[in-house]
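# Structure, please.
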Amino acid sequence: MRRWANIVYLYDGSFYGFLCCVFQAFAQKEDPQMILSQDEAQSLLFETRLIETQPEQAERVRNAVPVKIGSEALELLQCAFLSDLPEKELLLLAFLRQGFAQGPAVMKGIAKEPLRSLWQAAQRAKHEAHLFTGFVRFSDCNGALTAVIHPKNQVLPLLADHFCQRFNAETFMIYDKTHQMALTHRPGQAQIIPLEEAELPGPGQEERQIRALWRQFYQTLSIQNRENPQARRSHMPQRYWGDMTEFQSEPSAPLFLPPSR
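So this is what the prediction gives:
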């Protein structure tokens, strides 16, 4: 029999760190009051316990999910963890308790909590990642492609395969300023690393010319008499515009024109 514990689990904020919290909750037969990343911990009324990330424990939990609940449950677990859902750790722990007790049947209760909230959160994360496959704008910084994004969810793990396959011969970085992490890639090697701040050099003359050409191309395609701001905001939400070249009011650079013949 498990017990409610007046204790807060603290972990490093990683997916494997969270799985170690799940391992400890089952091993100790207790339900913590909260599960927080160390960055979120402030003055708390409850006792805290730091859960160290131990890969062997995390792997045991991760491997058990598809065996006992199903591969769909593992995908849900991973995507919901990347979402901005409040108290997602406690909801995921509750879901895993149900899943390990009921087996694959738990995935059929989509209208019941906590599965409903987790499924909706996972869908939001995947949808935002899909939008960024079209909204990321790269700039050339000293021969490397760089981009800055401000997502609500931790989308970099969901974007990695897409961009690493599409630009497999390039060196690039996508910096998630919201969550202070970056996807870095060079041919044959890719990783997601924590990055508190990225100081990128300003655009050079050639980069400014390319940006100006892109903005001109965007404006040229626009048909003024058929503009529909509401439809544009629906397909391209306004909160993404700040990182998109075509909406930036950067001082224009002289356009490069080919020599006349």
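# what's the distance between Phe172 and Phe95?
Distance, Phe172 to Phe95, by CB to CB, to the nearest Å: 35 Å. Heads up, the C-betas are built off the backbone N, CA and C, glycines and all.
# Then Phe46?
23 Å.
# Between these two, tell me which one has more neighbours.
A count of neighbours by other CB atoms under 10 Å puts Phe95 above the other of Phe46 and Phe95, at 23 against 12.
# Surely the more buried one touches Arg116?
No. Counting by CB atoms under 8 Å, Phe95 stays clear of Arg116, with 10.3 Å between them.
# Where in this protein is the helix or strand with the lowest mean pLDDT?
In the chain, no helix or strand scores lower on mean pLDDT, DSSP states H and E than helix 229-235, which sits at a mean of 73.
# Just the CA coordinates for that helix, please, in PDB.
Extracted C-alpha coordinates of helix 229-235, given in PDB (Å, rounded to 0.1, in the frame of the first residue of the first chain):
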ATOM      1  CA  PRO A 229      -5.400  39.300 -41.700                       C
ATOM      2  CA  GLN A 230      -7.600  36.900 -39.700                       C
ATOM      3  CA  ALA A 231      -6.800  33.900 -42.000                       C
ATOM      4  CA  ARG A 232      -3.100  34.800 -41.900                       C
ATOM      5  CA  ARG A 233      -3.100  34.900 -38.000                       C
ATOM      6  CA  SER A 234      -4.900  31.500 -38.000                       C
ATOM      7  CA  HIS A 235      -2.400  29.800 -40.200                       C
END
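# low-scoring stretches of this protein, by residue?
1-3, 43, 231-232, 250-261 (pLDDT under 70).
# most residues in a single helix of it, which one?
helix 115-135 (DSSP state H).
# which helices and strands sit right next to it?
The contact analysis (3 or more CB pairs under 8 Å, 6 or more residues apart in numbering; DSSP states H and E) places helix 115-135 against helix 71-81, helix 88-102, helix 156-166.
# if we go to 6 Å?
helix 71-81, helix 156-166 (3 or more CB pairs under 6 Å, 6 or more residues apart in numbering; DSSP states H and E).
# Give me the contact list for that helix.
The contact list for helix 115-135, computed with CB atoms under 6 Å, 6 or more residues apart in numbering, reads 76, 79-80, 82-83, 85, 91, 95, 109, 151, 153, 155, 158-159, 162, 240.
# again with stretch 155-164
Stretch 155-164 has contacts (CB under 6 Å, 6+ apart) with 128-129, 132-133, 176, 183, 185, 190, 192.
# re the thing from before, and the contacts of helix 115-135, which is closest to Asn142?
For the contacts of helix 115-135, the minimum distance to Asn142 (CB to CB) is 22.8 Å, reached by Leu159.
# Near that closest one, how many residues? Count them for me, please.
Leu159: 21 neighbours (other CB under 10 Å).
# now swap in the one 5 residues further on and tell me
For Cys164, the count of nearby residues is 16 (other CB under 10 Å).
# gap between it and Asn153?
From Cys164 to Asn153 the distance is 19 Å (CB to CB).
# Could you do Gly134 as well?
For Gly134, the distance to Asn153 - CB to CB - is 16 Å.
# Repeat that for Leu213.
For Leu213, the distance to Asn153 - CB to CB - is 32 Å.
# the more surrounded of Gly134 and Asn153?
More crowded of Gly134 and Asn153, by other CB under 10 Å: Asn153, with 24 against 10.
# Settle this for me: that one is touching Leu85, isn't it.
No. Contact between Asn153 and Leu85 fails when scored by CB atoms under 6 Å: they sit 8.9 Å apart.
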